[in-house]
Structures are given as C-alpha cells and as structure tokens.
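J.: Sharing a model prediction with you, sequence too.
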Amino acid sequence: MQTPTIMTPPLLKANRHPFECPIELLERWVKINSESHNHAGVLTMQEEVSFELEALGFEVKWLHPENDSTGLPLVVGTIPGIVAEGINFICHSDTVHHSLDMPHELQKNGDYAVGPGVVDNKGGIITALLGIKNYLESLKKENKEPYYTLRFLCSPSEELGSPGLHRYFKEFTHDGFMALGFEPANEEGDIIESRKGNRWYNIQVTGHEAHAGRNHDKGVNAALELSQKLVELNQLTDYEKKITVSIGHLQTEKNKYNIVCGKASAKIDLRFADLKTRDEAELKIQGILATSELYNRDKSKTTEIKYWVEDDCPPFSKGQKSKYYLDLYKNLISDLEKRKIKSIAVGGAADSNYLNDYHMAIIDGLGPIGHGMHTKEETIYLPSLQSRSLALTRFLQKISQENYQ
Ligand SMILES: [Zn+2]
C-alpha cells in the first residue's frame, strides 16, 4: 500500500461544545448540504464528525483517497484498546439529493422527521457516536479502558462508491475482527446480515488478423476465442449457490465483415454471496482464461488472453464469524424495542463490504429506522436514535465484558 497522505483535521471553531442532544445535532447536520458533489459541504461534515470524535477522546486523522483530486478525506478516529484487535465502525457524511428540490431543514412530524440524509447517513453517524459515547462513559465509571481498539471511519463519498478508499478499508481489516455499519435499518427495523459482492473482469483477446477471403487459414479469430470463453464463463452462473456471471460489454477492434478478427474485448460482472464462493469461482475463471483454444491452420499461431480485475468488492454473509454477534445484537434491540427484530440479506454493496475478510464479522443496518432513502421522503423514526444507540452501547459492553480479568 502506498503511504497515505495523513492530515490532522483543522481545529474547529471556538464556542462549540460537543453534542448533548442527538436530535439537535441531527438538525444542525441536516442544514449542511453535503450532497456528494458539494465538496465544501462534505468537508464541513467531515470537520463536524472529527470534532465530535475528538471530544469523545478519539485520535483523528484524515486520509486522502488514492488517485483522487477532490481532496475529500476519509475521517479515521482511533481509541486504542487493551488489545490491538479492533472494531471498525463505518458510516458516511455524503448524501444523494442533488436533483431533488428539498429544503435543508429537519421537518419534524411527531416521532418522524424528514430531511436530506436524515438516515442515510447523518442519523447513522449520530447513532454510532451516541452509542460509543455512552459506552465510554460507562467504562469511565468503572475505571476501565476499552478492551478492543475502536476505529471510527466516516467516508466522504460512499454514495459514489468511496473511490480511492478501498485499499485503506482493506488495511483496516488486518487488525480488525469486526465491522459495524450504520446504514439505516429498514421501516420494519430489520438489520442487515449480508450483502452480495462483485468482481469486474476486463478481458482482452489478441488473435491474428487476416483477410477473410484471401488468407483465412493464416488468421486466428480473437472474437471467436472470446465468444467460446464467454460461453464457458456464463456456465458458472448458479442461482442456487447465488452466483451470477453477466456479460455487460462485448467489442471487436474493427467494425468490418471481411476480416478474421484480430482483437476483441469484454466486460464481465461476477456476483457472489460469500467469500468461499467467490474464491472458487475465481479459480475456475483463471482456469478458463489460462489457455487458448484456437490456432491457425498450420498450428503456428494462437491467441493471447489477458484480463484484469477492475473492481473488487467483497461480499459479507452470515457466516460462522458473524452469527453469534448478529444474534446478540438482534436480541439487544428486541429487548429495547419490545418486538422481534429480523436480519435480512441485501443485494447492493456498501462500504461495509470492503471491510470484510475471512476472519471478520460484519453487521450493517445498525443506524436508525427509516425509509425513502435518496428521495424527498427520506424519513427517520426519531425514537430509534435512542434505542439503536443504546443497543450499540450494550453490545459493546457485552462483547468486552468477558475479557476483563
Ligand atoms: Zn448510505
């Protein structure tokens, strides 16, 4: 990994106190237009989050995305634990509202409130902050240090796929054992137990171009080689195993009739539900693309097949590692909200995907209850700010408890 650009966030304005009331903080943050492309607004949010983290005792660093000119940093707050092994908390400060004519105000209506980013993800950040705050205060009363290292990550560009940040996320899995994502819970209060992952392959086949009439036997057809490989790749699709292959794009070098095609390329999307399925599929894909099948007539020439992965998003699933924690978290919420809480599988990826690896446990959807994300009706159920943050506090207490002597 290249050395990241690390910055210490600028000091926040005077006369600012750390938040006491989560709804007041939400009101303040909804007024900040942090639509993904409004860099000044996103930066203000990153400063706000950094301020609250520092007030809680986090050491805050800003990491700049690789190959990205926006200058928008990933906020990384750390509180070292008794052990280096850590929990990654993931949330984001950018929102999706640029095309919506929506006032930057929190419009309250009883237990509900509407506003841009109110659950996706400003309410989520606040849930995480409040849960951690209460956890740290409870430790202080008992004169204890946090057992696990706490690492708080706030992306400036999740809605754009957090470009340039994936390698940092991967790095954070090395000393992590768990990631908790604060994307909103759905209207029923369900949390997220799994998200599919994807791997995008760009395949380039080079054959030997020849005139289709005069020199057919001298040519090796790249388009034919590629087509045969695509048929084989497509056979990896298995709906039972939740793995799909899609050919999204197919192209030859020249738009002509009278040639044996010399160059052809394709873009392939592979989707999978868990890491094991992904790795098995990867081996099969490597096998399929390792050998050329086509030759010219005297077998002196063949094709060359090159490919690379353009996007690599791990899945996370309710595996052995997650199940215990997931059940614990669900039970804690169920106790607090006096109703049964489910966990669900979601197709789309989020930053939490990039924090997965074989040794990790991942849970997402731990933010407040809401609906209408990315629309004018984006709504938060306000009491869930309290119940979900309290669930986080209890969860952190519970998983650390057994480790203290
Ligand atoms: Zn989100």
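T.: Thanks, I have the structure now.

J.: Test my guess that Asn121 contacts Gly181.
T.: No - assessed by CB atoms under 8 Å, Asn121 is found out of contact with Gly181, at 9.5 Å. Every residue, glycine included, has its C-beta placed from N, CA and C.

J.: any shared contact partners between the two?
T.: Shared contacts of Asn121 and Gly181 (CB atoms under 8 Å, 6 or more residues apart in numbering): Cys91.

J.: Next secondary structure after the helix or strand harbouring Leu270?
T.: Following DSSP states H and E, one finds Leu270 within strand 263-272. Later in the chain than strand 263-272, the nearest helix or strand by DSSP H and E is helix 275-290.

J.: residue contacts, Ser343?
T.: Ser343 is in contact with Asp190, Ile191, Ile192, Glu193, Lys318, Leu326, Lys330, Ile363, Gly365, counting by CB under 8 Å, 6+ apart.

J.: so the fifth one touches Leu326, yeah?
T.: This means Lys318. Yes - contact criterion CB under 8 Å: Lys318 and Leu326 qualify, at 6.1 Å.

J.: which neighbours do these two share?
T.: Listed as contacting both Lys318 and Leu326 by CB under 8 Å, 6+ apart are Glu193, Ser343.

J.: sorry, back to before: using a markdown table, lay out the contacts of Ser343 together with secondary structure and neighbour count.
T.: Listed next are those as a markdown table, based on DSSP: H, G, I helix; E, B strand; the rest coil; neighbours: other CB atoms under 10 Å:
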| residue | secondary structure | neighbour count |
| --- | --- | --- |
| Asp190 | coil | 17 |
| Ile191 | strand | 24 |
| Ile192 | strand | 24 |
| Glu193 | strand | 24 |
| Lys318 | coil | 19 |
| Leu326 | helix | 20 |
| Lys330 | helix | 20 |
| Ile363 | strand | 24 |
| Gly365 | coil | 26 |
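
J.: Next, format those as TSV and append distance to the ion and pLDDT.
T.: Output for the contacts of Ser343, formatted as TSV (distance: CB to the ion, whole Å; pLDDT from 0 to 100):
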residue	distance to the ion	pLDDT
Asp190	16	97
Ile191	14	97
Ile192	11	97
Glu193	17	96
Lys318	21	88
Leu326	20	97
Lys330	21	97
Ile363	15	97
Gly365	10	98
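
J.: Quick check: Ile82 touching Pro146?
T.: Yes - counting by CB under 8 Å, Ile82 touches Pro146, with 7.3 Å between them.

J.: With neighbour numbers in mind, choose between those two.
T.: More neighbours surround Pro146 than the other of Ile82 and Pro146, with 20 against 14 (other CB atoms under 10 Å).

J.: what sits against that one?
T.: Listed by CB under 8 Å, 6+ apart, the contact set of Pro146 reads Ile79, Gly81, Ile82, Tyr135, Leu136, Leu139, Ser400.

J.: Mind doing that once more with 6 Å?
T.: Ile79, Gly81 (CB atoms under 6 Å, 6 or more residues apart in numbering).

J.: quick one: Gln46 and His104, what's the gap?
T.: 17 Å (CB to CB, to the nearest Å).

J.: Neighbour count for the two, which is higher?
T.: Higher neighbour count among Gln46 and His104: Gln46, with 23 against 17, using other CB under 10 Å.

J.: where does that one fall, phi/psi-wise?
T.: phi -60, psi -30 (degrees, to the nearest 10).

J.: what about the closest residue to it other than its chain neighbours, which helix or strand?
T.: Spatial nearest neighbour of Gln46, excluding adjacent residues (CB to CB, 6 or more residues apart in numbering): Val75 at 5.3 Å. Taking DSSP H and E as the definition, Val75 sits inside strand 74-79.

J.: Quick one: list the elements packing against that strand.
T.: Packing contacts for strand 74-79, counted by 3 or more CB pairs under 6 Å, 6 or more residues apart in numbering; DSSP states H and E, involve helix 39-55, strand 59-63, strand 149-155.

J.: can you list the residues of this protein near the ion?
T.: Neighbours of the ion within the chain, by CB under 5 Å from the ion: Asp120, Asn121, Glu183.

J.: ok, and the most crowded of these?
T.: Of all those, Asn121 has the most neighbours under the rule other CB under 10 Å, reaching 32 neighbours.

J.: any residues touching stretch 329-338, and which ones?
T.: Lys340, Ile341, Ile363, Ser387, Leu390, Ala391, Arg394, Phe395.

J.: How about stretch 392-402?
T.: Taking CB under 6 Å, 6+ apart as the rule, stretch 392-402 contacts Gly131, Asn134, Tyr135, Tyr147, Tyr329, Leu332.

J.: In three-state terms, label the last one for me.
T.: In this case it means Leu332. Recorded secondary structure, Leu332: helix (DSSP: H, G, I helix; E, B strand; the rest coil).

J.: how far away is it from Ile369?
T.: 15 Å.
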